[in-house]
Each structure stands twice: as C-alpha cells, then as structure tokens.
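Trainee: Compute the structure for the input listed below.
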Amino acid sequence: MNKTHLIFSITAGWLGAIFLTAMPVMADTTLFFDDFNGPALNPAWQASLPNANIAYLGTSASYLGAPNYSFQTLGGYSVLRMSDNMSDLQRVGWSSSTIFNPSAFTYEVRFNTLIQSTSTSIDDFIEVWILDPTNPNRYDMVSLFGAAYSTQPQFAVGSSIDNTFGSQFFNYQNNTWNRLVVQDLPGQNIRVSLDNDSGSELIGQTLNHTEGAYGSGFEIALSQGMGLPLGTYPSDVAVDYAKLTMVPEPTSLAFVGAGSLLWLVARRRTSARTEG
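Mentor: Sure thing, here's the model as predicted:
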C-alpha cells in the first residue's frame, strides 16, 4: 500500500468514527407499562375520570367509576377483561395516578376485540385517552365504537382541546388483536390511530395541537363508554397491555462539520506527499 492509499484509509476511518459518534442509537424510554397479569390491579390506576364526551356523539357521558374486570388468559397472553353493562351516556374506567410530562411520547394499548354484537358488546367498548391533571375537561381520546348495536363499526376521535368530535367507518373484525395509539412525535402534532398487531396504522387522525397543550403534563386513561342505545347493553374487551414511552429528540450532527474539516486537511497532505 502506498502512502496515498494509507493516508486515505486512515482518514476514512477517522471520518467513520466521527460519523458514528454523531449518530448514536436512540431508543424509546418506557415511562409506564402494565401487562395486566394480575392477580391485583396495578395501583397506578385510579377510579377518577371526568364526565367527558362520547367521541362518536360529542355528547357528555356520566362517569360511574371503575369497570367490572377480571384477569384471564387469551391466546397465550394475560389480559384484563373489562365487561360492563351500561345505560345511555355512561362510562367506566381509570386514569393514572402518575402525571407524565414527556416532550414527545407514544401511548399504546394492545387489545382483542372479542365478539362485538347486540347481545355481547356495543358502542365504545374501548377508549384510550390522555387528560390534563389540572383541568380534566381537557383531553384527547380515540376509541372503537359499535354504532347501531355494533352493525356499523366506527373509528372515533374526540378532542376537547380542538373541540373536535366525530367518527369514520372502519370495519374492525371480531377476535382480532389491534392497538389504539395516541402519539406525539418530535416537532409534530398529536396523532391518534388504530394500528394492526404489527404496528402498522390502519386508520388515524392528526389533531391540531402538540403535547405543549398539556403544560402541566398529562394522565393516561383507559375506559369504556355507552352512547344512546335506549336501554342497558353490554360492553366487552380484553386488554393485553398499556404502555407509555418517551420518544427521544433527534440528535444534532454537530461533529459532521469537524469531520469534513479533517477530511480536507488529510486531502491536502495526501496531495503534497503524492507530488513529492
């Protein structure tokens, strides 16, 4: 190997090391995780929710307290089975006793739809949301809603911060693992979505604000709600886990400029030695 090739190889090695230093591997940090494996409910969940809107209707539901639940096994997974009978505009569920304040985050709940039908489960059989601990009337919610006694499946989104409530038709299937997600990536507005079990989005909606709308942080919530069935009807879901992770901010490439300068210096030395 001549001097030119040797110096070029050393320089390339330096640049590679600098580039790798500027691009560390970034991993999400888990802030909360509940695998719902019993035998007791995680004490982080508290029976405390506001009288918030049913996202599909944009109409307030009365909070009744904690849901009826049991720990079971489904498909090899430990699950929290939430099974309730509710009447018009009622809700059951929990919020977290912990307040979280990440600059970017993903709140994800994995669940099985079980059997959605008039006799087994209708309306908001699962609701996933975040809410302001200083003013719980401020919240963002995403849910699956079995409209018309579960004959018209809907993906529903509600935000009291944006004053936006509504739904889109989405034909979710019975006995299927899915994930409801509330996510705020760095520099982006909050997006709520229904993902398949591989994490690919099936349907979603971007809200008109970031996590900055929650100046004092937020609590996470998990619940079930009933619309206007004109009677008492069941709500049923199996939840595998609830997870909140902090998404790291992108790392600055401050060392790339220094690496470029080093490359120029090495190039001049190579040229000088080649000419000599």
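Trainee: now Arg110, what's its secondary structure?
Mentor: Look at Arg110: counting by DSSP: H, G, I helix; E, B strand; the rest coil, its state is strand.
Trainee: Let me know how buried it is, in neighbour terms.
Mentor: 22 (other CB atoms under 10 Å). C-beta coordinates here come from the backbone N, C-alpha and C atoms, glycine included.
Trainee: Which residue is the nearest non-sequential neighbour of it?
Mentor: Asp240 (4.3 Å; CB to CB, 6 or more residues apart in numbering).
Trainee: Which secondary structure element is home to the one you found?
Mentor: Assigned by DSSP states H and E, Asp240 belongs to strand 233-246.
Trainee: so how far is that strand from its chain's centroid?
Mentor: 12 Å (CA atoms, centre = their mean, to the nearest Å).
Trainee: show me what contacts Leu41?
Mentor: Tyr69 (CB atoms under 8 Å, 6 or more residues apart in numbering).
Trainee: ok but it is inside a strand, no?
Mentor: No - per three-state DSSP, Leu41 lies outside any strand segment and is coil.
Trainee: The stretch 51-200 of the chain: helices as residue ranges?
Mentor: Under the criterion DSSP state H, counting those that start in this stretch, the stretch 51-200 of the chain contains helices at 147-150.
Trainee: wait, Gly93 sits on Val128?
Mentor: No - using CB atoms under 8 Å, Gly93 is not in contact with Val128; the gap is 9.9 Å.
Trainee: Now list whatever residues contact both of these two.
Mentor: 221-222.
Trainee: Roughly how far does the residue nearest to Arg110 sit from Tyr172?
Mentor: Using CB to CB, to the nearest Å, Asp240 is found at 16 Å from Tyr172.
Trainee: What of Ile220?
Mentor: For Ile220, the distance to Tyr172 - CB to CB - is 22 Å.
Trainee: Have a look at those two and say which one is more surrounded.
Mentor: Ile220 (26 against 17).
Trainee: Wait, that one touches Phe105, no?
Mentor: No - with contact defined as CB under 8 Å, Ile220 does not count as touching Phe105 (9.5 Å).
Trainee: hey, what's in contact with both of the two?
Mentor: Leu244.
Trainee: Please name the nearest non-neighbouring residue to Gly225.
Mentor: Asp124 (3.7 Å).
Trainee: My error: substitute Val182 in the last question.
Mentor: Tyr107 (4.4 Å).
Trainee: wait, what's in contact with that neighbour?
Mentor: 128, 130, 181-183, 220, 242-244.
Trainee: same thing but at 10 Å, please
Mentor: Counting by CB atoms under 10 Å, 6 or more residues apart in numbering, Tyr107 touches 31-32, 100, 128-130, 140, 142, 180-184, 190, 192, 218, 220-222, 242-245.
Trainee: for Thr118, same thing?
Mentor: 146, 148-151, 229, 233-234.
Trainee: Could you check how far Arg81 is from Tyr69?
Mentor: 6 Å.
Trainee: which residues are in contact with both of those two?
Mentor: 36, 239.
Trainee: Pass me the low-pLDDT residue ranges in the chain, would you?
Mentor: 1-26, 251-276 (pLDDT under 70).
Trainee: try it again with 50
Mentor: 3-25, 252-276 (pLDDT under 50).
Trainee: No further questions, thank you.
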